[in-house]
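Visitor: sequence first, predicted coordinates after that:
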Amino acid sequence: MSNADPPREAEEPVVVEIDGLLWKPCPGAEATAAEFEVARSLFIEAHREARWNQWLEAERAADLKAATAVMGQWTRAEPGFRHKTPQEVEEWLASWEAEYEAERAERERQRRARAAEYDEHRHQARLALVEQQSILKAQLAERTGLQEKTHFPGMEERRRAAKTAKLDADVAETEATIIALMDKVGDPETVVDVNGWLPSHRRELALTDFIYWRCDEVQRLRGEVDRLTAEVGAADRTQRRELRAQADRVRRRFDALRAMTPLQAKDMCPECFRPAGWHGWSTCGDPAFLGCGPCPAWPRWSARLHRLHEMLSSSQKHPEPAAVPKPQPLAVISSGKSIDEVVEELSRIRAEHPGAEVRRGSRNRWEIWPSENAALHSGLDR
Ligand SMILES: [Zn+2]
């Protein structure tokens, strides 16, 4: 930023046109037209990028401060141009608010009208259609992989042919299901949810949600990466490997989320706040641990999740009986001790456990066990 350059004599007033607007330097301005244009571009670009990467505003705070100082040295140059008075600004705001409120009321009226037409069967059919289209995509990719031998290159030919034939049948069945569902659904973009929102509306809401979630998550992961990195440095050898693996997982997620290029509403899943591109049935996993996979709103997947949830809940309601602890001797006397030491130890044990029995244990040790009768009474199962 050249506002750090030494002061120089004010140049002859000039007028420049930038993006259709005319600009001229204020009296005493030191910043040149080129410097003003660079500062203005930086200011606009930084704020535009900050909608997607909110942390950039903080990272570029010094640049933005310098750009603001340069921009303050130039003003609009259209003949007769003047800034609005506070009264005019207030009037403009009031008119904008009234316009916004009218639009909002109209949108709300339309939403209620659509909600009254809500058709549960059509809504569910649309979800099933999107799910089946995703399944078909996965089946076609798997079939191509088998045919081109990029999937399971070492597979025996007869098995490959049988698997491909099975996939052909699956593809045909899925296509038939899709045709039947398309018949029920019609234009999927006109199917409203129970609240009267169209998929396009829900994508817009999903994008806003995702932008805020992603920015918060990037900041949280940044802190987590720093914490784990410090812990790896301070850990002993046994803990270091696990901590390093954990730090690696968090860093991969952080890098992947931070590197995401800006999405638009059309890129979002209208059912959840994830990008539609994250949904699928790939068996390649989710290397960055972003939560890729089928959409939880898809009926088949949702039913599977529900069954899993039921199983987990029921196992928590009826926990596995606690394992019966393996019986342990009351005491152990290792070999290699002097007779005096053994007698002394036995005397102490006899005082604590009168009636206990001495048995030969592993590695020539003597083990002291409760007597058979005592064991029966204590419930130990030997
Ligand atoms: Zn989704």
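Guide: Cool, got the structure.

Visitor: please count neighbours and contacts with C-alpha atoms only from this point.
Guide: OK.

Visitor: residue 142 - nearest residue in space that isn't next to it in sequence?
Guide: Leaving aside its chain neighbours, residue 142 sits nearest to residue 151 (7.4 Å; criterion: C-alpha to C-alpha, 6 or more residues apart in numbering).

Visitor: surely that neighbour forms part of a helix?
Guide: No: according to DSSP: H, G, I helix; E, B strand; the rest coil, residue 151 belongs to no helix; its state is coil.

Visitor: was I right to think it contacts residue 145?
Guide: Yes: between residue 151 and residue 145 there is a contact under C-alpha atoms under 8 Å: 4.8 Å.

Visitor: quick revisit: look up how far residue 160 lies from the residue nearest to residue 142.
Guide: Distance, residue 151 to residue 160, by C-alpha to C-alpha, to the nearest Å: 10 Å.

Visitor: what's the answer for residue 128, then?
Guide: From residue 128 to residue 160 the distance is 30 Å (C-alpha to C-alpha).

Visitor: over to residue 331?
Guide: 62 Å.

Visitor: okay, the residue nearest to the spatial centre of the chain and the ion: tell me how far apart.
Guide: In the chain, the residue lying closest to the centroid (C-alpha atoms, centre = their mean) is residue 290, at 4.6 Å. Look at residue 290 and the ion: by C-alpha to the ion, to the nearest Å, they are 13 Å apart.

Visitor: do the same with residue 132
Guide: 14 Å.

Visitor: same question, residue 161
Guide: 34 Å.

Visitor: element containing that residue?
Guide: Following DSSP states H and E, the helix or strand that holds residue 161 is helix 157-185.

Visitor: in the next helix-or-strand element following that helix, what's buried?
Guide: Under the assignment DSSP H and E, the closest C-terminal helix or strand after helix 157-185 is helix 199-234. The neighbour-count check on helix 199-234 (16 or more other C-alpha atoms under 10 Å) flags 199-200, 202-208, 210-211, 214-215, 217-218, 221-222, 224-225, 228-229, 231-232 as buried.

Visitor: now the helix holding residue 161: average pLDDT?
Guide: What helix 157-185 shows for mean pLDDT is 96.

Visitor: mind listing what's buried in that helix?
Guide: Buried, per 16+ other C-alpha under 10 Å, within helix 157-185: 160, 164, 167, 170-171, 174-175, 177-178, 181-182, 184-185.

Visitor: separation between residue 68 and residue 83?
Guide: According to C-alpha to C-alpha, residue 68 and residue 83 sit 18 Å apart.

Visitor: so for those two, which sits in the more crowded spot?
Guide: residue 68 (16 against 9; other C-alpha atoms under 10 Å).

Visitor: that one contacts residue 41, doesn't it?
Guide: No: if you go by C-alpha under 8 Å, residue 68 and residue 41 don't touch, sitting 11.0 Å apart.

Visitor: ok so, going back, report the contact partners of the closest residue to the residue nearest to the centre of the chain other than its chain neighbours.
Guide: The shortest distance from residue 290 to any non-neighbouring residue, by C-alpha to C-alpha, 6+ apart, is to residue 253 (6.3 Å). Residues near residue 253 by C-alpha atoms under 8 Å, 6 or more residues apart in numbering: 221, 288-290.

Visitor: report pLDDT for residue 253.
Guide: At residue 253, pLDDT is 93.

Visitor: surely it is in a helix?
Guide: Yes: counting by three-state DSSP, residue 253 falls inside a helix.

Visitor: what about it, distance to residue 289?
Guide: Counting by C-alpha to C-alpha, the gap from residue 253 to residue 289 is 6 Å.

Visitor: now residue 190
Guide: Between residue 190 and residue 289 the computed distance is 34 Å (C-alpha to C-alpha).

Visitor: helix or strand for residue 83, which one?
Guide: Using DSSP H and E, residue 83 sits within no helix or strand.

Visitor: quick check on it: phi, psi?
Guide: Main-chain dihedrals, residue 83, degrees, to the nearest 10: phi -70, psi 150.

Visitor: and the gap between it and the ion?
Guide: In this view, residue 83 and the ion are 47 Å apart by C-alpha to the ion.

Visitor: try residue 107
Guide: Taking C-alpha to the ion as the measure, residue 107 falls 24 Å from the ion.

Visitor: now for that residue, how many residues are close by?
Guide: As a burial measure, residue 107 scores 12 neighbours (other C-alpha under 10 Å).

Visitor: what are the buried residues along the helix or strand hosting it?
Guide: Assigned by DSSP H and E, residue 107 belongs to helix 86-116. By neighbour count on 16+ other C-alpha under 10 Å, the buried set for helix 86-116 is 111, 114-115.

Visitor: next SSE after it?
Guide: Using DSSP H and E, the helix or strand that directly follows helix 86-116 along the chain is helix 120-147.

Visitor: what packs against that next one?
Guide: helix 157-185, helix 299-317 (3 or more C-alpha pairs under 8 Å, 6 or more residues apart in numbering; DSSP states H and E).
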